[in-house]
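In: turn this into a structure:
(one chain, ligands or ions: 1)
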Amino acid sequence: MEWILASNNEKKLKELREILGDMGITVRSQREAGCDFEVDETGETFAENARLKAEAVTRATGKAAIADDSGLCVEALDGRPGVHSARYGPPGATDAEKYTLLLKELRGKENRRARFVSSICCTFPNGDVLTAEGVCEGEILPAPRGSGGFGYDPVFLVSGLGRSMAELTPEEKNAVSHRGNALRLFRQRLEEYLAANGE
Ligand code: IMP
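Out: The predicted model follows:
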């Protein structure tokens, strides 16, 4: 079975290959599948955006497509940056500039609770859709810590671990992260789906 990842992000491709490889599913990037377009993420939720991306690629290729949409939701900011996490701050802002802006917005606020969310959507050529969502709870640190990961990882203290997401090894991050949790649930649902559909 060949699936297309609705993204050209190498990190996402690697994570998906690790989780789906032993199920006999080959995952190709959008570019490898000859789809040279970027889908506008106009949805109001992570789930809507993941579905928009997967559907566009299935329409273009006639193949099963998988997409994920993720971001950071901060309680004291009414869930921002949320679906706009990648585009937070001025255009072209670096990861460090984005989390510095976040720290500034949170200055003086007592409630630092936040969660990472990852929503996965897989669309099949026959119209079937499989979804899964994962979260990782934590709080926003007063200053960055650690050098691993990407994005907002240095300012995110993982609940129960006492370490920032950027202080975890890739394996440790995968074991607790929103994307890891979403992918594990997705795999479970996919196994049930394939069993029920005789594959
Ligand atoms: P997208 O899912 O590729 O649309 O982008 C989501 C954005 O959310 C990224 O650009 C990051 O800013 C942020 N984000 C998503 N997952 C993580 C993570 O695991 N660590 C840190 N930041 C993340």
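In: for this structure, give me the ranges with low pLDDT.
Out: Applying pLDDT under 70 to the chain flags the ranges 199.
In: near the ligand, which residues of it?
Out: Residues of the chain found near the ligand (CB under 6 Å from any ligand atom) are 69-72, 85-86, 116, 149-153, 165, 177. Glycine gets a C-beta too; all of them are placed from N, C-alpha and C.
In: repeat that for 5 Å
Out: With CB under 5 Å from any ligand atom as the criterion, the chain comes near the ligand at residues 69, 70, 71, 85, 86, 151, 152, 153.
In: okay, which residue is most central for this structure?
Out: residue 70 (3.5 Å; CA atoms, centre = their mean).
In: next, that one: secondary structure please.
Out: What DSSP: H, G, I helix; E, B strand; the rest coil gives for residue 70 is strand.
In: need the contact list for it.
Out: With contact taken as CB atoms under 8 Å, 6 or more residues apart in numbering, residue 70 is in contact with 46, 85, 116, 117, 118, 119, 178, 179.
In: out of the residues of the chain next to the ligand, who's the most crowded?
Out: Among those, residue 69 has the most neighbours (other CB atoms under 10 Å), with 27 neighbours.
In: coming back round to it: mind putting the contacts of residue 70 into a markdown table with secondary structure and distance to residue 101?
Out: Output for these, formatted as a markdown table (DSSP: H, G, I helix; E, B strand; the rest coil; distance: CB to CB, whole Å):
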| residue | secondary structure | distance to residue 101 |
| --- | --- | --- |
| 46 | helix | 21 |
| 85 | helix | 12 |
| 116 | strand | 17 |
| 117 | strand | 20 |
| 118 | strand | 22 |
| 119 | strand | 24 |
| 178 | helix | 21 |
| 179 | helix | 23 |
